[in-house]
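Peer 1: Next one to model:
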Amino acid sequence: EDLSIIERLRKNDPTLTTLNKYEGAYEYLMEIIEALKTNTNLKVLEIGDNLSEYRSEDYYIIDKKVLELIEALTKALKVNTTLTNLKFNSTIMRRVNVLSAEDLSIIERLRNNNDSQLDTLNLVQGEYVYLIEIIKALETNTTLKELNISHNNLTPDFIKVFSLVLALTDALKVNTTLTTLNFNNNNLYNAGLEKLADALKENTTLTTLNISESYGYDGMTEITSYNYNGSVKRNQTKNGDAGAEAIAEALKINTTLKELDISKNLINTTGLKALSNALKINKSLETLVINHNIHDSKNLNNDAYANLLNNNTLKKLDISNNQIGDLKNGIVRSFNIGAGAIAIAKALKTNTTLTTLNISSNFISVSGATAIGKALSGKEGNKTLTTLDISWNNIGADGAKAIANALSGKEGNKTLTTLNISGNNI
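Peer 2: Numbers count the residues shown, from 1 in each chain. Down below sits the predicted model:
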């Protein structure tokens with residue numbers, strides 16, 4: 001029966017206009033999707049409502065094969081001209097007009113590509129059907145320069161999220177005018193970040209990119225499966241290393257990106273190492289924001305964040321709220337804290353390009369402040385840093401004195417112009 005249906009689709013059977021196939025193996029579903037590229041009679045398709053091959057107890061697991069099916073379906077729909085109703089894995093996507101007049105007007109202005117005043121667009125918390133049309137319009141539009149599609153959290157519907165990422169990836173590969181993209185808080189997960197990384201390898205216009213909070217607002221969990229009623233099952237053991245590694249590989253090739261915000265993405269030692277190595281090759285990135293990166297600090301290498309200073313391109317680095325600390329095997333407020341601040345001080349001493357460093361809220365005590373003070377002073381001390389934020393740590397009076405000593409006397413630092421030491425129990 002399965003072979004018969006596939007054959008009828010391939011031969012364009014005019015009587016086969018509706019197909020309901022709730023359960024099917026990966027290979028079978030892929031054959032149906034492939035047939036959509038040439039079929040001109042099928043109008044209604046419902047597949048994978050139960051995707052039994054990927055079920056585990058009462059949950060839908062995000063399996064790699066499911067993502068492959070979504071990607072294949074995306075490509076098929078680009079060439080298919082007759083399918084009007086699609087239901088995939090309980091996600092209903094219809095080609096019908098459900099947009100407001102204002103929404104349609106903006107889409108039309110982007111498509112017509114003749115409105116020079118439409119150079120900035122903010123679509124915070126937008127509807128899926130609107131967002132997908134806006135993103136598709138980027139493939140031909142040459143007027144839009146800034147796009148904000150942040151906080152469009154479509155979870156638990158990861159299928160919609162992933163399809164948005166696929167569309168955005170295709171658009172960024174050909175778009176030649178967009179310079180600023182804010183894709184913050186959209187639950188992209190590693191799979192989405194890996195696709196966006198592919199686009200960065202080819203894109204030559206983006207200068208500012210915000211992909212922070214790709215794991216959700218709390219930055220602590222990754223959705224691993226979905227319940228039938230729409231609730232989610234989360235796994236706190238996951239991390240964002242795979243996504244960070246993909247972005248790092250893209251940075252080795254990309255030559256135009258200047259500002260990157262990849263905060264709140266659960267990046268651990270492996271991901272941070274990949275980013276550090278990429279920065280040694282990349283010659284364009286000037287600002288890196290990687291704060292609130294709530295990770296497994298118990299297994300974090302002490303040099304993980306310090307290595308981000310070992311390059312000749314970064315001018316601004318924000319690594320605040322990362323539990324860096326300065327005590328070997330110290331424990332503060334139940335967090336496992338490493339000796340990261342001391343390693344950062346060592347790297348700061350030899351860095352010659354960084355002008356702004358934010359290490360606030362990192363459980364840094366007097367030993368860390370003393371090490372940083374020494375890195376800023378003396379003949380061999382840092383001579384480029386102009387702004388330092390070490391607020392909301394615990395450096396105390398002695399730590400403050402160490403910083404003050406670094407700024408005074410003949411060999412005191414003469415380049416630092418802005419210092420924030422508030423919230424330090426001084």
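Peer 1: Wait, Ile342 touches Ile324, no?
Peer 2: No - under the contact definition of Cβ atoms under 8 Å, Ile342 does not touch Ile324, with a separation of 9.7 Å. All C-beta atoms are positioned from the backbone trio N, CA, C, and that covers glycine.
Peer 1: more crowded one of the two?
Peer 2: Residue environment comparison for Ile342 versus Ile324 gives the larger neighbour count to Ile324, 28 against 23, counting by other Cβ atoms under 10 Å.
Peer 1: That one: what's it in contact with?
Peer 2: 305, 337-338, 340-341, 344, 359, 362-364 (Cβ atoms under 8 Å, 6 or more residues apart in numbering).
Peer 1: Need the nearest residue in space to Leu251, chain neighbours excluded.
Peer 2: Distances taken as Cβ to Cβ, 6 or more residues apart in numbering place Ala278 nearest to Leu251, at 4.1 Å, with adjacent residues excluded.
Peer 1: number of nearby residues for the one you found?
Peer 2: Using other Cβ under 10 Å as the criterion, the residues surrounding Ala278 number 21.
Peer 1: Surely it is in a strand?
Peer 2: No - counting by DSSP: H, G, I helix; E, B strand; the rest coil, Ala278 is located in no strand; its state is helix.
Peer 1: who touches it in this structure?
Peer 2: Ala278 makes contacts with 248-249, 251-252, as judged by Cβ under 8 Å, 6+ apart.
Peer 1: If we use 6 Å, what do you get?
Peer 2: 248, 251-252 (Cβ atoms under 6 Å, 6 or more residues apart in numbering).
Peer 1: Restricted to helices, list these.
Peer 2: 248, 251-252 (DSSP state H).
Peer 1: from the middle of its chain, how far away would stretch 345-359 be?
Peer 2: 25 Å (Cα atoms, centre = their mean, to the nearest Å).
Peer 1: ugh, typo on my part, it should be stretch 161-172
Peer 2: Its chain's C-alpha centre lies 13 Å from the corresponding centre of stretch 161-172 when counted by Cα atoms, centre = their mean.
Peer 1: now stretch 354-371
Peer 2: Using Cα atoms, centre = their mean, the offset of stretch 354-371 from its chain centre is 26 Å.
Peer 1: Going by neighbour count, which residues of it are buried?
Peer 2: 354-371 (16 or more other Cβ atoms under 10 Å).
Peer 1: next one: stretch 371-390
Peer 2: Neighbour counts using 16+ other Cβ under 10 Å place 371-377, 381-382, 385, 388-390 of stretch 371-390 among the buried residues.
Peer 1: List of residues touching that stretch?
Peer 2: With Cβ under 6 Å, 6+ apart as the contact definition, stretch 371-390 has outside contacts at 342, 345, 348-349, 352, 354-360, 402-403, 406, 411-413, 415-421.
Peer 1: 7 Å - rerun?
Peer 2: Under the criterion Cβ atoms under 7 Å, 6 or more residues apart in numbering, residues 341-342, 345, 348-349, 351-360, 364, 369, 402-403, 405-406, 411-413, 415-421 lie in contact with stretch 371-390.
Peer 1: Just the ones of the residues you listed in helices?
Peer 2: When the contacts of stretch 371-390 are checked against helices using DSSP H, the ones located there are 341-342, 345, 348-349, 369, 402-403, 405-406.
Peer 1: can you redo these as JSON lines with pLDDT and distance to Asn265?
Peer 2: Converted to JSON lines, the ones in helices among the contacts of stretch 371-390 look like this (pLDDT from 0 to 100; distance: Cβ to Cβ, whole Å):
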{"residue": "Ala341", "pLDDT": "92", "distance to Asn265": "22"}
{"residue": "Ile342", "pLDDT": "92", "distance to Asn265": "25"}
{"residue": "Ala345", "pLDDT": "96", "distance to Asn265": "25"}
{"residue": "Leu348", "pLDDT": "96", "distance to Asn265": "24"}
{"residue": "Lys349", "pLDDT": "95", "distance to Asn265": "29"}
{"residue": "Ala369", "pLDDT": "95", "distance to Asn265": "28"}
{"residue": "Ala402", "pLDDT": "95", "distance to Asn265": "33"}
{"residue": "Ile403", "pLDDT": "96", "distance to Asn265": "31"}
{"residue": "Asn405", "pLDDT": "95", "distance to Asn265": "37"}
{"residue": "Ala406", "pLDDT": "95", "distance to Asn265": "33"}
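Peer 1: Out of the residues you listed, who's the most crowded?
Peer 2: Highest neighbour count within those: Ala341, with 30 neighbours (other Cβ under 10 Å).
Peer 1: before we move on, the earlier item: tell me which of the buried residues of stretch 354-371 fall in strands.
Peer 2: Using DSSP state E, the members of those that fall in strands are 356-358.
Peer 1: Any of the ones in helices among the contacts of Ala278 buried? List them.
Peer 2: By neighbour count, with 16+ other Cβ under 10 Å, the ones in helices among the contacts of Ala278 hold 248, 251 as buried.
Peer 1: Going by neighbour count, which residues of stretch 314-325 are buried?
Peer 2: If you call a residue buried by 16+ other Cβ under 10 Å, then stretch 314-325 has these buried ones: 314, 316-325.
Peer 1: sec struct for Lys75, please.
Peer 2: helix.
Peer 1: element containing the residue nearest to it when sequence neighbours are not counted, please.
Peer 2: If you skip the residues right next to it in sequence, Lys75 has Lys37 as its closest partner in space, 7.9 Å away by Cβ to Cβ, 6+ apart. Secondary-structure assignment from DSSP states H and E places Lys37 in no helical or strand segment.
Peer 1: I'd guessed Lys37 sits against Ala76; true?
Peer 2: Yes - counting by Cβ atoms under 7 Å, Lys37 touches Ala76, with 5.2 Å between them.
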